[in-house]
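**Q** model this:
(chains A and B, ligands or ions: 1)
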Amino acid sequence: MQTLNQPLKTAETEPDLPHSYSEERETATMSSLDIDKIRRDFPILRREIDGKRLVYLDNAATSQKPLSMINCLNEYYQRYNANVHRGIHTLSEEATALYEGTRETVRRFIDARESCEIIFTRGTTEAINLVAYSWGRQNVLPGDEIVLSPMEHHSNLVPWQVLAQEREAKLVFLDLTEDGEINMETAAKLIGPRTKLLTITQMSNVLGTITPVQELARLAHKQGAVVLVDGAQGVPHLETSVQSMEVDFLAFSMHKMLGPTGVGVLWGKKEILNAMPPFMYGGDMISSVARERSRYNELPWKFEAGTPNIADVIASGKAIDYLTTLGMETVREHEMEITRYALSRLKELKGITIYGPKDATKRGGVVSFNMPDIHPHDLGQILSDAGIAIRAGHHCCQPLMKDLKVMGTARASFYIYNTFEEVDMLMAALREADKVMGNVACR
Amino acid sequence: MSLVDDLYRETILDHYHNPRNHGCIENATTSVEGVNPLCGDELTLYLKVNEAGLIEDIKMNAHGCSINTASGSMMSEAILGQTVERAKEIIESFKNMMLTKGEELPLDEEMEDLEALRGVKKYPVRIKCALLPWNTLLEGLETAEAKPGLSSTLSDSK
Ligand SMILES: Cc1ncc(COP(=O)(O)O)c(C=O)c1O
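**A** Here you go, the predicted model:
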């Protein structure tokens, strides 16, 4: 079995990678992931950028896709394409079975009780907006408090700002420690009798922080509040059980976990979803329509108005199958190792600022940093020239940037196909960037 | 040409590390804020325009990337001491250089340094970085023109 320490090899039928990395490294007990085999499943990883091997370290933005998922899309359009829930012909029945089958796949993946609690959306953003519009407008009253962390993605902040303004409710922000973890002491005070909703990310897309969701959920439930978790970063990388997290809503996006773009999931507790009004109105979400009024369909279709994203939902099932076959525990183990390695290598650069928890067990594979006197934009550009894709900017977390007193950060984020070699290539490119910019950092 | 030749030329790095006309003007006639929505970079531009329509002083407070900072620094040099009218022409020809495809129009002599930014054109996302100071200046000049004679109040435009 190949490990990350061994040189990358490609299958016989595929062209050799432009570089070979045979150098032995002392570090490293590697996870049980067969990275070499995994990499062969992702055709894009063989791409070259100006003659250089692509090093894809922008997984927090979106992940790359395995062939099984890509082929599934193809097959769907070639063999099963039909509208769902309507036709009585074979194709429609098959498409419906595949679509509804994926709902069950998702249920199992996040350990939900019933598959009718799984609602397909366009993404995390739409899932959160669904809750803000439907549950929020029904339940949040003047004087109520919505508690959130200061490191929320704009998509788990702006919908609540708007709701709070509309309802004269108040946003209350939890505190972060120096290391970017939730300060649990003050959390116990900030979550109070006026708290109507606690909404928090499972893992920060900037700091990498994994939040103590269950502990926070208990505090919130004691006050009678409802708990929403933004799982956009958490679900793709951590074994997730909505039951053991003890939360009420979970939102995530398939495109960050090997799936296609345009599919998200909202999971919600059945009792709460049943009590909520629909978010969008039209076809598919009704059970009967008369001229003047209609009866709404039951869960989950009540929240899936119109023709859904059938092909992409079905292909999402393949993405989940891929992760399930690897095992989420193994995925996590691999990411922890590569993050630990990246953190230790990055520290070699003089003057570098690395954000978030220092302990790899407390964070996911998202590493944000700044080099002295080099704007993240410039860093991103120079790295791109070396074939390395990272993200630079505010990562849709401008309030957090303000707290960190920066305009932006550079961010490398890892997934199942990333290797120690790629971390080394990142390091070499960072040194090169410093040279280009006039040797300000690594003196 | 490599990235370093295109983008990170000596002139640009010099302006990046030592931006000219950096800071703020106490008794500015106009101040404008500019934001690059892509990366969140912000800058505040201060202008002092006298009654005759001459730009007596220009300063910028910015913490942007090299392209943004260098572009602003070079702009301030090209614009200082010019009439508002002439400044607008300079803005126009710089924007033309950055935005037109195909034929390459040479810049006026007084804008020579700005030639260094031509390489940015090859990197479309960075064009916004180069243009931010210029668009901000344009907005500032328009505000300044809208209220001639005002000499010591800071406008809170935006
Ligand atoms: C923590 C977090 N929440 C929400 C989102 C939004 O996800 P999407 O754009 O797929 O709706 C992202 C993605 O960038 C994210 O990282």
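
**Q** in the helix or strand hosting A:Ala187, what counts as buried?
**A** Using DSSP states H and E, A:Ala187 maps to helix A:184-190. Buried residues in helix A:184-190, counted by 16 or more other C-beta atoms under 10 Å in any protein chain shown: A:Ala187, A:Leu190. Bear in mind the C-beta positions are built from the backbone N, C-alpha and C, glycine included.

**Q** Can you show me the CA trace of the following helix or strand past that helix as CSV?
**A** Once helix A:184-190 ends, the next helix or strand along the chain (criterion: DSSP H and E) is strand A:195-201. These are the backbone C-alpha positions of strand A:195-201, laid out as CSV (Å, rounded to 0.1, in the frame of the first residue of the first chain):
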residue,chain,number,x,y,z
THR,A,195,-31.8,33.6,23.4
LYS,A,196,-34.1,32.4,20.7
LEU,A,197,-31.5,30.9,18.4
LEU,A,198,-27.9,29.8,18.6
THR,A,199,-26.3,29.6,15.1
ILE,A,200,-22.7,28.5,14.8
THR,A,201,-20.3,27.0,12.4
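
**Q** residues near residue 119, how many?
**A** Because you didn't say which chain, this covers chain A. Counted with other C-beta atoms under 10 Å in any protein chain shown, residues neighbouring A:Ile119 total 25.

**Q** To clarify, I was referring to chain B.
**A** B:Gly119, neighbours per other C-beta under 10 Å, totals 19.

**Q** And A:Glu168, by the same measure?
**A** Here the count is done by other C-beta under 10 Å, and A:Glu168 has 11 residues near it.

**Q** B:Gly23 now?
**A** B:Gly23 has 10 neighbours, counted by other C-beta under 10 Å.

**Q** now do A:Gln161
**A** A:Gln161, neighbours per other C-beta under 10 Å, totals 14.

**Q** Residue numbers of chain B in contact with chain A?
**A** Counting by C-beta under 8 Å from any C-beta of the partner chain, chain B comes close to chain A at B:2-4, B:7-8, B:13, B:16-17, B:38-42, B:63-69, B:123, B:126, B:129.

**Q** are any of the residues you listed buried, and which?
**A** For these, buried by 16+ other C-beta under 10 Å: B:3-4, B:7-8, B:13, B:16, B:38-42, B:64-69, B:123, B:126, B:129.

**Q** Now for the nearest residue to B:Asn68 once chain neighbours are set aside: which residues touch it?
**A** Sequence neighbours aside, B:Cys129 is the residue nearest to B:Asn68 in space, at 4.3 Å (criterion: C-beta to C-beta, 6 or more residues apart in numbering or on different chains). Residues near B:Cys129 by C-beta atoms under 8 Å, 6 or more residues apart in numbering or on different chains: A:His377, B:Asn36, B:Cys39, B:Asp41, B:Gly64, B:Cys65, B:Ile67, B:Asn68, B:Ser71, B:Val120.

**Q** and what of B:Ala28?
**A** B:Ala28 sits in contact with B:Tyr46, B:Leu47, B:Lys48, B:Asp57, B:Lys59, B:Leu154, where contact means C-beta under 8 Å, 6+ apart.

**Q** For it, which three-state class applies?
**A** State at B:Ala28, reduced to three classes by DSSP: H, G, I helix; E, B strand; the rest coil: coil.

**Q** From B:Leu45, how far out is it?
**A** Distance of B:Ala28 to B:Leu45, given as C-beta to C-beta, to the nearest Å: 9 Å.

**Q** next one: B:Ile12
**A** 19 Å.

**Q** Need the three-state assignment for the residue of chain A positioned farthest from its centre.
**A** In chain A, the greatest distance from the average C-alpha position (C-alpha atoms, centre = their mean) is reached by A:Arg291, at 42.4 Å. Under three-state DSSP, A:Arg291 falls in the coil class.
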